[in-house]
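In: Everything below, folded, please.
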Amino acid sequence: MLWPKTVGRNIKIGADREIVAVYPYRSSCPKSVWRGLISNAKSELTFAGYTNYFLWLELPNLRSVLRRQAEAGCRIRFLIGDPNSEVTRRREELEAVPLTVSTRIQVTMDELSKLSDVPTIETRYGDEHIGLSAFVFDDQMLVTPHLARLVGHDSPMLHIKRLQDDGLYDRFASHVASLWELANHQAETDQHPMEEP
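Out: Residues are numbered from 1 along each chain as shown. Alright, predicted model coming up:
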């Protein structure tokens with residue numbers, strides 16, 4: 001190869017080739033990316049965000065899409081923070097915003113309660129993912145490492161696609177799988193819907 005350094009700088013050949021895109025802010029990722037990844041998933045959708053609140057705002061018809069995906073055989077999992085935990089309380093103190101973490105979690109729980117008749121949609125509480133959100137769409141993933149004291153939309157995000165064994169995708173996928181196992185109690189989506197104002 002004549003110019004290996006030039007080629008190496010311009011063509012991804014290592015582990016970084018699994019990085020599809022990088023967004024300095026989660027909120028800068030186009031809605032079309034989220035819609036495409038969710039709609040095109042065939043076997044797995046995992047939403048391991050601490051509140052997942054933003055999904056219902058960014059994708060107004062998300063409930064209908066999830067129902068369709070579940071009916072087509074896609075496994076759908078939501079891993080959310082426990083609204084009553086010490087980890088959640090501490091995060092609320094750090095963020096110090098009017099729309100609290102527990103309120104955002106409750107919005108998600110309310111939305112999921114409307115899908116409680118769909119058995120292939122699972123929800124669990126867990127606190128281990130407070131510093132990292134990971135959203136899995138078959139062989140692609142959106143990952144947000146949360147920066148201290150900032151809400152999720154102000155943190156950066158990576159779009160990753162699985163292209164090799166033991167690459168970035170596999171590392172994060174293994175992490176998500178262990179988080180799901182650590183979250184050993186099911187969130188009751190149909191018992192605590194939000195109260196009408």
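In: Please, where are all the helices along this structure?
Out: Applying DSSP state H to the chain gives helices spanning 4-10, 31-40, 53-58, 62-71, 86-95, 101-113, 168-182.
In: Pick the most buried one from those.
Out: Scoring these by mean neighbour count under mean count of other C-beta atoms under 10 Å gives helix 101-113 as the most buried, with a mean of 21. C-beta coordinates here come from the backbone N, C-alpha and C atoms, glycine included.
In: Hey, what's the angle from that one to helix 86-95? Just curious.
Out: Counting by axes from the mean of the first three to the mean of the last three C-alpha atoms, to 10 degrees, helix 101-113 points 120 degrees away from the direction of helix 86-95.
In: count of neighbours near T120?
Out: Taking other C-beta atoms under 10 Å as the neighbour definition, T120 ends up with a count of 15.
In: where does the chain have its least confident helix or strand?
Out: Lowest on mean pLDDT, DSSP states H and E among the helices and strands of the chain sits helix 4-10, with a mean of 52.
In: In the protein, where is pLDDT below threshold?
Out: 1-15, 148-152, 184-197 (pLDDT under 70).
In: Would you mind measuring from P119 to V101?
Out: Taken as C-beta to C-beta, to the nearest Å, the spacing of P119 relative to V101 amounts to 28 Å.
In: ok so, going back, of the helices of the chain, which is nearest F137?
Out: Between F137 and the helices of the chain, the shortest separation by C-beta to C-beta is 4.0 Å, and it involves helix 31-40.
In: tell me what that closest one is packed against?
Out: Packing contacts for helix 31-40, counted by 3 or more C-beta pairs under 8 Å, 6 or more residues apart in numbering; DSSP states H and E, involve helix 53-58, helix 62-71, strand 132-137, strand 140-145.
In: separation between S27 and W34?
Out: Taking C-beta to C-beta as the measure, S27 falls 11 Å from W34.
In: want to throw the helices and strands packed on helix 31-40 into JSON lines with distance to D82?
Out: Written out in JSON lines, the entries for the helices and strands packed on helix 31-40 read as follows (distance: least, C-beta to C-beta, whole Å):
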{"stretch": "helix 53-58", "distance to D82": "15"}
{"stretch": "helix 62-71", "distance to D82": "22"}
{"stretch": "strand 132-137", "distance to D82": "16"}
{"stretch": "strand 140-145", "distance to D82": "19"}
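In: Go through these and name the closest to P83.
Out: Of these, nearest to P83 by C-beta to C-beta is helix 53-58, at 11.5 Å.
In: so who does V33 touch?
Out: A21, L142, H159 (C-beta atoms under 8 Å, 6 or more residues apart in numbering).
In: Can you name the residues bridging to the last one?
Out: Legend: beta-bridge partners of H159 under DSSP bridges are A21, L142.
In: was I right about it contacting C29?
Out: Yes: H159 sits in contact with C29 when judged by C-beta atoms under 8 Å, with a separation of 7.4 Å.
In: between the two, what contacts are shared?
Out: A21, Y23, L142.
In: Report the buried members of the residues you listed.
Out: Y23, L142 (16 or more other C-beta atoms under 10 Å).
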